[in-house]
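> Next one to model:
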Amino acid sequence: MPPPEHPAAHSIPRHALTRLAQEWLAEDTPNFDPAAVCVGSQDVEAWLLCKTPRSLLAGVPFFTAVFMEVGCTVNWIYQEGAEIGPDAVTLTAVVRGPASALLLGERPALNCLARASGIATRCSQLQAKAKAEGWHGEVAGTRKTTPGFRLVEKYAMLVGGVSTHRQDLSGMVMLKDNHVWASGSITEAVRAARSVCGFSSKIEVECRSTEEGREAARAGADIVMLDNFQSQELRAAAGALKAEFPALLIEASGGVTPENITLYFSPCVDIISMGCVTQGCPVVDFSLKVQKPAECSGTCVVPEALTKS
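This is a model prediction of the structure:
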């Protein structure tokens, strides 16, 4: 039996998985695949090895979709969201299918899994810090994602246990400094945005001072982002705004890193958003190794469950 799906996997439409898998494969092999002549179509077995201990596995639906698209099967040993390790090399899944097809899907599938698992691992580490400090709020990602890869990266945030923030420009209104300057004022920017989004979308305003936060709240903003505040300044500004507008959500952003995030945990801060959830995030090292018939590598142990599959 394959491991049960992570709850977040049910949020990905099947057509989106198919579309992405087809796009990645077409990008990697737009014409002939001359190397396929060397291996032919005989059935082979390949082991997916994780070489970054204590990593969180994420990206299983995308990895599987790529190999389904080329006619291969994937037998997962670890469940999505599980920690892999602690061994230096850990057998994570087994892929079976025609050799040429398996090698066709290898790189797109590995790229996706490495990136998603890296993001999920960082998110899990950040969430662990928030839990250890007893902080009530949400750590969140941003829209600073890789073009064409946002669905994967936002999904990885969910597996890692943090908020995805808004998915795109249509998901929530965020009025940044350029919107305000182009509109003339925070009040006018909020008024104009509300006339279009109505009651169904929240409006967030990026603010550089407590006074700008007050103007945003009075204009009807639902969320105030205190941008690039030092930690002590943030605590003071968030406290003042919460005292005056108890229902207002306060988001902290700008300059927050995995190393200093604990300085930003405050009773009056509801959200901490971080671009480093996706930008500059280390990947997890995975490799896919085709096994020779009747030969087993001594670098890892085949689980009993796999021998019965």
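
> Surely Phe67 is within a helix?
Yes - according to DSSP: H, G, I helix; E, B strand; the rest coil, the state of Phe67 is that of a helix.

> Quick one: neighbours of it, just the number.
With neighbours defined by other C-beta atoms under 10 Å, the count for Phe67 comes to 24. In this view, the C-beta of every residue, glycine as well, is placed from N, C-alpha and C.

> tell me which element the closest residue to it other than its chain neighbours is part of?
When the adjacent residues along the chain are set aside, Phe67 lies closest to Gly105, with 4.9 Å between them (C-beta to C-beta, 6 or more residues apart in numbering). Using DSSP states H and E, Gly105 sits within helix 99-133.

> and after that helix, which helix or strand comes next?
Trace forward from helix 99-133 with DSSP H and E and the next one is strand 138-140.

> Off-centre distance for that following strand?
Put simply, strand 138-140 sits 12 Å off its chain's centre (C-alpha atoms, centre = their mean, to the nearest Å).

> Check stretch 10-20 too.
Taking mean C-alpha positions (C-alpha atoms, centre = their mean), stretch 10-20 and its chain are 16 Å apart.

> cool, and stretch 6-20?
In terms of C-alpha atoms, centre = their mean, the centre of stretch 6-20 is found 14 Å from the chain centre.

> okay, stretch 145-159 in CSV with CA atoms only?
Output in CSV follows, covering the C-alpha atoms of stretch 145-159 (Å, rounded to 0.1, in the frame of the first residue of the first chain):
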residue,chain,number,x,y,z
THR,A,145,8.1,32.8,-6.2
THR,A,146,9.8,31.3,-9.3
PRO,A,147,7.8,32.2,-12.5
GLY,A,148,5.8,29.1,-13.7
PHE,A,149,6.6,27.3,-10.5
ARG,A,150,4.3,29.1,-8.0
LEU,A,151,1.8,26.2,-7.5
VAL,A,152,4.7,23.9,-6.4
GLU,A,153,6.3,26.4,-4.1
LYS,A,154,3.0,27.5,-2.5
TYR,A,155,2.1,23.8,-2.0
ALA,A,156,5.4,23.2,-0.4
MET,A,157,4.7,25.9,2.1
LEU,A,158,1.5,24.1,3.1
VAL,A,159,3.4,20.8,3.6
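
> Just the buried positions in that stretch, please.
By neighbour count on 16 or more other C-beta atoms under 10 Å, the buried set for stretch 145-159 is 145, 149-159.

> Next: stretch 159-170.
Result for stretch 159-170 [16+ other C-beta under 10 Å]: buried residues 159-166.

> Next, format those as CSV and append distance to Pro53.
Shown next, in CSV, are those (distance: C-beta to C-beta, whole Å):
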residue, distance to Pro53
Val159, 18
Gly160, 17
Gly161, 20
Val162, 22
Ser163, 27
Thr164, 27
His165, 30
Arg166, 34
